[in-house]
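[1] got a sequence here, can you model it:
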Amino acid sequence: MRAAHGTARHTADERGGGGGVRIDGRTVRAVNGLTARWAQEVPADGTGTAFSAVGVWPLLAFLADGAGGRAREELAGAVGLDASEAAGAARGLLAVLEGEPALRLALGLWTRRTLEVRSSWLERLAPGTHGVLTGDPRADSAALDAWAAGRTGGGIDRMPVPVREDTEMVLATALTVATEWHRPFVSGHLCPESGPWRDLEVPALYRSGTVPERLVLADTPHGAVTGLTVMGREGVDVRLLLGEDSAGPGRVLRSGLDVLEHRRPVVRGSELPFGEPGPGIEVRHALRTVAGPPTLDVTTVPFAVTGDHDLTRHPGLFGLTAFLDTGRGHLPGVSDQPLALSAAAQKATAAFGERGFRASAVTAFAMTAGGAPPVTRHRVTEVRVRFDRPFGFLAVHRRSGLVLAAGWVNAPGG
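    Next up, the predicted model:
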């Protein structure tokens, strides 16, 4: 078995003026829309979780391009684009993100030697993507695990779906996001006076600066949400999101996405009223020996969270309901042999620390033989903010607003 790897190239249409990289706005909205819908399924228990719609979306898009019947309609609905546009948008996204210094996003396809794949569909994937399954589950699993580990720098050490004797095809992505802060935090400890971490001595991160505009307060249907942007060096920022005490992960993350896409008005840090105007925020006068602009003092906690997601548990969310029917084939645009979905999963990690942020995600879809294929159809002030209780986060591609990774922190720890 030979390893597959992503080697997408930039095209003229994917480069903006002045050398800047552009991602089509419709693609950004489509991927962020999947992030928002997935956020509604994030549980509030455990230590927290991480997930990446960017890891799932290209796979859904390529499969939608090759699907037929109801599976094609459902996959296109999850992608948020017409199935005829999906593969081009996915390839463009992969090519653009590959050019970002803070990112690595690889695509891999493996098929059994006996499975004849249509060249017209293969040509829509990134060059150098296609590898071969030997039919030996042990050897194939080891090779795919090595691919996952290699493409994520060891962040994810194994493929999240099993490779069995009857596996005909595996389509996967591997994503890594890594950025260092412009200004590092200082490590310490804190003892929250309220909330789930009350009276616990927990690790903390502190930083002071003079740009309160990076702090915003939004009024949402589910209460106020505080957002803080921590800027990375390579065009990736991390937004920390704190809601009201009773607000769960889905509401807080969804509100953060609404703010990111300018669907909610916000009050910026320099315009906040005195007192405690929002979750975790305190605004007051401070005595200083030298006059100067308003300051922003940040207290948060380091975190390291993981997420293991069986995508088939939410078939409606990912457009997989019809695709899971093994009584028939669903990918006539991929192969004459009928294929159905046997497994779809993602493993993701995210870590926020004193000097930077790193996230990894490997997502994979495994296909087995299905029944007969269906007929194809087309469709000066001192501002303080404390994240000292459970909160959400979004890792954002600064130029486009594309959310690369998201998650929820229930327990601090580096």
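
[2] please count neighbours and contacts with C-alpha atoms only from this point.
    Will do.

[3] show me where the stretch 101-250 of the chain has strands.
    Using DSSP state E, counting those that start in this stretch, the strands of the stretch 101-250 of the chain run over 103-112, 130-133, 167-180, 186-190, 202-209, 215-220, 223-231, 236-242.

[4] nearest to Pro338, out of the ones you listed?
    Among these, strand 167-180 comes nearest to Pro338, with 10.2 Å by CA to CA.

[5] tell me the helices and strands packed up against the closest one.
    helix 53-66, strand 103-112, helix 137-151, strand 356-369 (3 or more CA pairs under 8 Å, 6 or more residues apart in numbering; DSSP states H and E).

[6] now do the first one, average pLDDT.
    The average of the pLDDT scores along helix 53-66 is 97.

[7] next, find the distance separating the spatially most central residue of the chain from Glu213.
    Nearest to the mean C-alpha position of the chain, by CA atoms, centre = their mean, lies Ser52 at 2.2 Å. Distance, Ser52 to Glu213, by CA to CA, to the nearest Å: 27 Å.

[8] the lowest-mean-pLDDT helix or strand in the chain: what's the following helix or strand?
    Taking mean pLDDT, DSSP states H and E as the measure, the chain has strand 382-386 as its least confident helix or strand, at a mean of 86. Sequence order places strand 391-397 as the next helix or strand after strand 382-386, per DSSP states H and E.

[9] which residues sit against that following strand?
    Contacts to strand 391-397, defined as CA atoms under 8 Å, 6 or more residues apart in numbering, come from residues 235-243, 249, 252-253, 256, 402-410.

[10] got it, and stretch 351-362?
    With CA under 8 Å, 6+ apart, stretch 351-362 has contacts from 51-52, 55, 148, 152, 155-156, 159-160, 172-181, 183-187, 205, 232, 238, 302-305, 346-350, 405, 414.

[11] just the buried ones from those residues?
    51-52, 55, 148, 152, 155-156, 159-160, 172-181, 183-185, 187, 205, 232, 238, 302-305, 346-350, 405 (16 or more other CA atoms under 10 Å).

[12] low-confidence ranges, this protein, go.
    Scanning the chain with the threshold set as pLDDT under 70 gives 1-21, 287-291, 371-381, 414.

[13] if I look at Glu261, how far off is Ala406?
    Glu261 is 15 Å from Ala406, where distance means CA to CA.

[14] I meant to write Arg384 there.
    Applying CA to CA, the value for Arg384 to Ala406 is 24 Å.

[15] could you find the closest non-adjacent residue to the residue nearest to the centre of the chain?
    Setting aside the residues directly before and after it, Ser52 is nearest to Ala405 in space (CA to CA, 6 or more residues apart in numbering), at 4.5 Å.

[16] same question for Leu81.
    Nearest one to Leu81, counting by CA to CA, 6+ apart, is Ala30 at 7.1 Å.

[17] contacts for the strand or helix carrying that neighbour?
    Per DSSP H and E, Ala30 falls inside helix 25-39. Residues outside helix 25-39 that contact it (CA under 8 Å, 6+ apart) are 52-54, 57, 78-81, 89, 93, 249-250, 253-254, 257, 317, 400-403, 406.

[18] can you redo the helices and strands packed on strand 167-180 as a markdown table with distance to Thr321?
    Formatted as a markdown table, the helices and strands packed on strand 167-180 follow (distance: least, CA to CA, whole Å):
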| stretch | distance to Thr321 |
| --- | --- |
| helix 53-66 | 13 |
| strand 103-112 | 22 |
| helix 137-151 | 26 |
| strand 356-369 | 14 |
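
[19] with respect to Gly46, which of the ones you listed lies nearest?
    strand 356-369 (18.9 Å).

[20] what strands line up against the closest one, and which way round?
    Strand pairing for strand 356-369, determined by DSSP bridges: strand 167-180 (antiparallel), strand 339-352 (antiparallel).

[21] export those strands to TSV and tack on distance to Pro279?
    Formatted as TSV, the strands paired with strand 356-369 follow (distance: least, CA to CA, whole Å):
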stretch	distance to Pro279
strand 167-180	27
strand 339-352	21
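
[22] out of the ones you listed, flag the one nearest Leu311.
    For Leu311, the closest of the strands paired with strand 356-369 is strand 339-352, at 5.1 Å, according to CA to CA.

[23] what's the angle from that closest one to strand 236-242?
    Strand 339-352 runs at 80 degrees relative to strand 236-242, counting by axes from the mean of the first three to the mean of the last three CA atoms, to 10 degrees.

[24] any idea how far the closest residue to Gly392 other than its chain neighbours lies from Thr47?
    Nearest residue to Gly392, sequence neighbours excluded (CA to CA, 6+ apart): Trp408, at 4.3 Å. To Thr47, Trp408 is 8 Å away according to CA to CA.

[25] okay, the two: which has more neighbours?
    Trp408 (33 against 16; other CA atoms under 10 Å).

[26] understood, closing this out.
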